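Novice: Sharing a sequence plus its predicted fold:
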Amino acid sequence: MVPLSYYLVLSGILFACGVTGFLIKRNIITIFMSIELMLNGVNLSFVAFAAHWHVLAGQVFVFFVMVVAAAEAAVGLAIIISVYRTRETLNVDRVNLLKL
Amino acid sequence: MTSSLNLWLIPVLPLAGAAINGFFGKKSSRTAVSVVGLFFSGAAFAWALSVAWRFSSFTLPYQEYLAHWIRSGSFSADFALYLDQLSLVMLLVVTGVGFLIHIYSVGYMWDDPSYYRFFCYLNLFMFFMLTLVLANNYLLMFIGWEGVGLASYLLIGFWFTKDSAASAGKKAFIVNRIGDFGFLIGLFLLIQHFGSLNFTQVFDKVRPIAPETAGAGLLTAIGILLMVGACGKSAQIPLYVWLPDAMEGPTPVSALIHAATMVTAGVYMVSRSHVIFERAPIALTVVAIIGTLTALFAATIGITQTDIKKVLAYSTISQLGYMFMACGVGAFSAGIFHLMTHAFFKGLLFLAAGSVIHAVGGEQDMRKMGGLRSYIPWTFLTMGIATLAIAGIPPLAGFWSKDEILWKAFSSEHGSWIYWLIGIITAFLTSFYMFRLLFMTFFGDYHGAHVDEHGHGTHGHDAHGHGEPHESPMVMLVPLMILAALSLVGGLVGIGNGFEHFLAPVFGSGEVTQAAGEAASRGTEFLLMGISITVAVLGFLLAYILYVSKPHLPQKIATALNGFYEAVLHKYYVDELYAKLFVKPLIDGSTSILWQGVDRKVIDDTVNNAADGARHVSDEVRHMQSGNLRSYAGWIAAGAAVLIAYMIWLGVGR
Amino acid sequence: MLSLHLILFLAFGAIALAGAVNLLVQRHPINAALSLIAVMAALAGEYLLLGAEFVAAVQVIVYAGAIMVLFVFVIMLLNAGVEEETKGSRVALLIGIPGMLLGSLLIAWVVLRHSGTEAVAVGALPGAPRVIGQLLFHEFLLPFEITSILILVAIMGAVVLASKPTASGGPTQRIKD
């Protein structure tokens, strides 16, 4: 019997790793993967709560999260390809034309 | 009352004239402007005459309610007009003399480029003065009071491109304002204690109050404050300093405003408030003392002045002093009588002086005139009549009114022989300096330059090319003659106390002044009359000696009395004293405290610092927009962490 | 209390954590991608432990099998190499990481302290596909339909954005800076 809190702590750690990766990585694609990691952590949290409270809607919601993550990944990668074509770099620090 | 007198027409007609001339005058021809100006002021005079004609068929006082104005709690003031014998006298004087001066101005100001503006302002002045005279409550009167001050400012500074004229206008308005402040406080006291400013209501409430013989009380305070206002408007000590400077304005302005009408507003107001004054003996004494001192003071300055208009200005101040002396001893009807005759002869004197100035091409210094009686005989004749009138030679107008005042000053319950004595001395000085003016201007040899320009002062016009002083046109001479006729016969209404009886319903048949016994007073009255005539003749003789037969004497006397002469010549340095005591500290205070301190340091700096602050803040904050993705992410993460911590704190419910 | 449930949970959890940390540490994106796949696989195991069969299957098929494959394809397409060293933002390093650490520590502390000892049983909530399907088509019909539209839009967007650059106007016009 695993206490609920264990699942939540694991989920939290995964999320924290995702945020850290988002902040310290320089490659756009790696940053994207950090975002996916965050989403996964959250999914785990959803499922754990669904099991704890016996509400199936939690699992349905995970389904939707995955769908959205897929759409987002598709479009995001397309944008990355576009950016790569124009700026010839995948380093996020080089894509700074919006500075003042 | 079955029919209405339609009093409102009297003030409104000149207002219409002012509006028409003001808006359309610039594009209209001189003739059109003159017609408009003369028509409306003449119509007002005609209507005033018709009112006088129908006067006896109305119960008096007649009040005409025009419109609702202020209703505030229990206080109300309305646009309403009030007519009784006193206002009728003032009405006729203002409209009549005003109309004559309008006619005169057509000739005098003909060559001025701002012709239309002059008539607009003149009509505007008539409107305000008539409002003042016809008002049925102090508040409407105050509007007229302020309005004539405004018109006076506009007209004194009529040639505003001249620095001295603009300054004189400002001086007049500001000094008047000081008086108005006292007037306003008096009005506030009236509202506070009697709940109204309406004449009928206030006087009905004041009448039952016993006279404040014990000491100063509420009525004394009100009386003195009202007198402060009158001092400003009627140029008494200490607020007279604006009147001599007001001579910068065109001569018809000096005649109308500063001789016949505006300056008499103070006398009218004090007379109107006689109910209050009669119950405040201390206030009456204050009025009498101020009037008497001013009369003497101004007369002494008048004997040394060399500018013809300045002499007349000081003479006006002196004669106003007589009127206040009369009011101060309770002889209000005598004061009004003198007001009327003074309007005639002083108005005439100023208009004639204008004619003289016009004749010699703008020169106002009497030392450069002389011997003009052969060049401008009609002006000389009319001016001579006016001089006889003001000196108090019977049977001209001035004699009757001035003598009435002196008699009442001597005999009245509030009077005293001191007032009479100072009055007699002033009469002597008046006669002296007026005849001095006459002799210096019209007798002897002509000392002036030949007339090259047809001008009135330093704002010259087209060259007229005469080379000699010339008589004025008829349009200027006719008013002179009419006024001369009035100066001759105008005083006869005073015979047998006729004027006093006419005004009796207003002033209560002079119960305050009939203290002396009948029989004994008759003889004294004739004795005093004789003394005043003698004094007037002495003045004439002295002037004759000094300025006609032995013209070298004045200079020797002046050098003999050197210090004293210099002081009098420079008007006792009063203007300089005021400048040092009041004007300079105010200007310095304003500059250092209000301008540099408040305006610059506080207001400007606040605005500047606000702007600078905004700039500095934005300078720091703009670094957030770096375009760097990771810094944005960092901020987002930090913000999210704060939010999460807050929500946890809330959820844990500590 | 050392049950098999706990052992399995800890095993899958360890794998997930290792993968996550590896994602942070690796310098080449392809290594990071592979670590992420490992994380996802471990999480699928966790879902099974909680009885969510359908979700576990979808996780493997969609997430690990499609999305990550897409990632790998793009990495190969763009020939992404080892990351360069550039100076990033001080804010991210100074505020972001400590903030995030703080946040997660807070959460962990609160959770552990306040959640008591209620446990989740193995297979606590069986999520059979039939049941989930019924939910999807009854209560969650609207979100279901909208997400399908979302996918459609995403497909179109991706196609347009990633298409060959055209010479004249359009979103994919080549811009030289």
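Specialist: Ah, there it is. Quick caveat, the model's predicted, so the values are computed rather than measured.

Novice: elements contacting the worst-scoring helix or strand of chain A on mean pLDDT?
Specialist: Using mean pLDDT, DSSP states H and E, the weakest-scoring helix or strand in chain A turns out to be strand A:2-3, at a mean of 82. Contact here means 3 or more Cβ pairs under 8 Å, 6 or more residues apart in numbering or on different chains; DSSP states H and E; on that basis strand A:2-3 packs against helix C:4-25, strand C:119-120. No exception for glycine: its C-beta is placed from N, CA and C like everyone else's.

Novice: before we move on, what SS does residue B:209 have?
Specialist: coil (DSSP: H, G, I helix; E, B strand; the rest coil).

Novice: contacting residues for it?
Specialist: Going by Cβ atoms under 8 Å, 6 or more residues apart in numbering or on different chains, residue B:209 touches B:219, B:279.

Novice: Isn't residue B:226 up against residue B:273?
Specialist: Yes. Contact criterion Cβ atoms under 8 Å: residue B:226 and residue B:273 qualify, at 5.8 Å.

Novice: Nearest to chain B, out of the helices and strands packed on strand A:2-3?
Specialist: Minimum separation from chain B across those (Cβ to the nearest Cβ) falls at helix C:4-25, 14.6 Å.

Novice: what's the burial count for residue B:227?
Specialist: 30 (other Cβ atoms under 10 Å in any protein chain shown).

Novice: Residue B:606 too?
Specialist: The number of residues packed near residue B:606 is 10, by other Cβ under 10 Å.

Novice: Show me the helices in the chain, by range?
Specialist: Reading this off chain A. Counting by DSSP state H, chain A has helices at residues A:4-24, A:28-53, A:57-87.

Novice: hmm, I had chain C in mind actually
Specialist: According to DSSP H, chain C carries its helices in the segments C:4-25, C:29-49, C:53-58, C:68-78, C:90-91, C:97-114, C:129-138, C:141-162.

Novice: just the ones you listed: most buried one?
Specialist: helix C:29-49 (a mean of 22; mean count of other Cβ atoms under 10 Å in any protein chain shown).

Novice: between that helix and helix A:57-87, how big is the angle?
Specialist: When axes from the mean of the first three to the mean of the last three Cα atoms, to 10 degrees is applied, the directions of helix C:29-49 and helix A:57-87 differ by 170 degrees.

Novice: related to what we said a few turns ago, looking at the helices of chain A, which is closest to residue C:69?
Specialist: helix A:57-87 (10.5 Å; Cβ to Cβ).

Novice: remind me which residues of the chain are low pLDDT?
Specialist: If you meant another chain, say so; for now it's chain A. In the predicted model, chain A carries pLDDT under 70 at residues A:98-100.

Novice: I was after chain C.
Specialist: Along chain C, segments meeting pLDDT under 70 span C:1, C:83-92, C:96, C:114-118, C:123-124, C:167-177.

Novice: and residue A:37, what is it in contact with?
Specialist: A:14, A:15, A:17, A:18, A:21, C:20, C:23, C:36, C:39.

Novice: ok, 10 Å please
Specialist: Contacts for residue A:37 (Cβ atoms under 10 Å, 6 or more residues apart in numbering or on different chains) come out as A:14-22, C:16, C:19-20, C:23-24, C:32, C:35-36, C:39-40.

Novice: So for the longest strand along chain B, what gets flagged as buried?
Specialist: Ordering each strand of chain B by length in residues (DSSP state E) puts strand B:62-72 first. Across strand B:62-72, burial judged by 16 or more other Cβ atoms under 10 Å in any protein chain shown covers B:62, B:63, B:64.

Novice: Please apply the same query to stretch B:542-551.
Specialist: B:542, B:543, B:544, B:546, B:547, B:551.

Novice: Need the residues that contact it.
Specialist: Residues contacting stretch B:542-551 (Cβ under 10 Å, 6+ apart): B:303, B:366, B:370, B:387, B:391, B:428-429, B:431-441, B:443-445, B:552-557.

Novice: nearest spatial neighbour of residue B:82, skipping sequence neighbours?
Specialist: Using Cβ to Cβ, 6 or more residues apart in numbering or on different chains and skipping residues adjacent in sequence, the residue nearest residue B:82 is residue B:136, 3.4 Å away.

Novice: For that neighbour, give its distance to chain A.
Specialist: 73 Å (Cβ to the nearest Cβ, to the nearest Å).

Novice: Please work out how many residues are found near that residue.
Specialist: Residues lying near residue B:136 (other Cβ under 10 Å) number 26.

Novice: show me the contacts for the closest residue to residue B:377 other than its chain neighbours.
Specialist: Excluding the flanking residues, the one nearest residue B:377 by Cβ to Cβ, 6+ apart is residue B:471, at 7.4 Å. By Cβ under 10 Å, 6+ apart, the contact set of residue B:471 is B:355, B:358, B:359, B:375, B:376, B:377, B:378, B:379, B:380, B:477.

Novice: same thing with residue B:6?
Specialist: Contacts of residue B:6 were listed using Cβ under 10 Å, 6+ apart, and they are B:12, B:47, B:50, B:51, B:64, B:81.

Novice: Does it belong to a helix, a strand or coil?
Specialist: Of the three states, residue B:6 takes coil under three-state DSSP.

Novice: where's the residue in chain B that chain A sits nearest to, which helix or strand?
Specialist: At 2.8 Å from chain A, residue B:627 is the closest residue in chain B, using Cβ to the nearest Cβ. According to DSSP states H and E, residue B:627 maps onto no helix or strand at all.

Novice: ok, how many other residues are close to it?
Specialist: So residue B:627, with other Cβ under 10 Å, has 13 neighbours.

Novice: again with residue B:166
Specialist: Neighbour count for residue B:166, taken as other Cβ under 10 Å: 17.

Novice: just checking, it is part of a helix?
Specialist: Yes. Counting by three-state DSSP, residue B:166 is located in a helix.

Novice: Who are the contact partners of it?
Specialist: B:153, B:156, B:157, B:158, B:159, B:160, B:248.

Novice: Show the buried residues in the contacts of stretch B:542-551.
Specialist: B:303, B:366, B:370, B:387, B:391, B:428-429, B:431-441, B:443-444, B:554.

Novice: Would you format the helices and strands packed on strand A:2-3 as a markdown table with distance to residue A:77 included?
Specialist: Converted to a markdown table, the helices and strands packed on strand A:2-3 look like this (distance: least, Cβ to Cβ, whole Å):
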| stretch | distance to residue A:77 |
| --- | --- |
| helix C:4-25 | 17 |
| strand C:119-120 | 36 |
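
Novice: and the helices of chain C as JSON lines, adding distance to residue C:121?
Specialist: Shown next, in JSON lines, are those (distance: least, Cβ to Cβ, whole Å):
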{"stretch": "helix C:4-25", "distance to residue C:121": "8"}
{"stretch": "helix C:29-49", "distance to residue C:121": "10"}
{"stretch": "helix C:53-58", "distance to residue C:121": "15"}
{"stretch": "helix C:68-78", "distance to residue C:121": "31"}
{"stretch": "helix C:90-91", "distance to residue C:121": "45"}
{"stretch": "helix C:97-114", "distance to residue C:121": "19"}
{"stretch": "helix C:129-138", "distance to residue C:121": "18"}
{"stretch": "helix C:141-162", "distance to residue C:121": "29"}
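
Novice: between those, which gets nearest to residue B:101?
Specialist: helix C:90-91 (85.5 Å).

Novice: mind listing what residue 59 touches?
Specialist: This is for chain A. Residue A:59 sits in contact with A:43, A:46-47, A:50-51, C:47, C:50-56, C:58, C:125, C:127, C:131-132, C:135, where contact means Cβ under 10 Å, 6+ apart.

Novice: Correction: the question concerned chain C.
Specialist: Per Cβ under 10 Å, 6+ apart, neighbours of residue C:59: A:40, A:43, A:47, A:62-63, A:66, C:40-41, C:43-48, C:52, C:65.

Novice: Over to residue B:146?
Specialist: Counting by Cβ under 10 Å, 6+ apart, residue B:146 makes contact with B:128, B:132, B:173, B:176, B:177, B:180, B:183, B:233.
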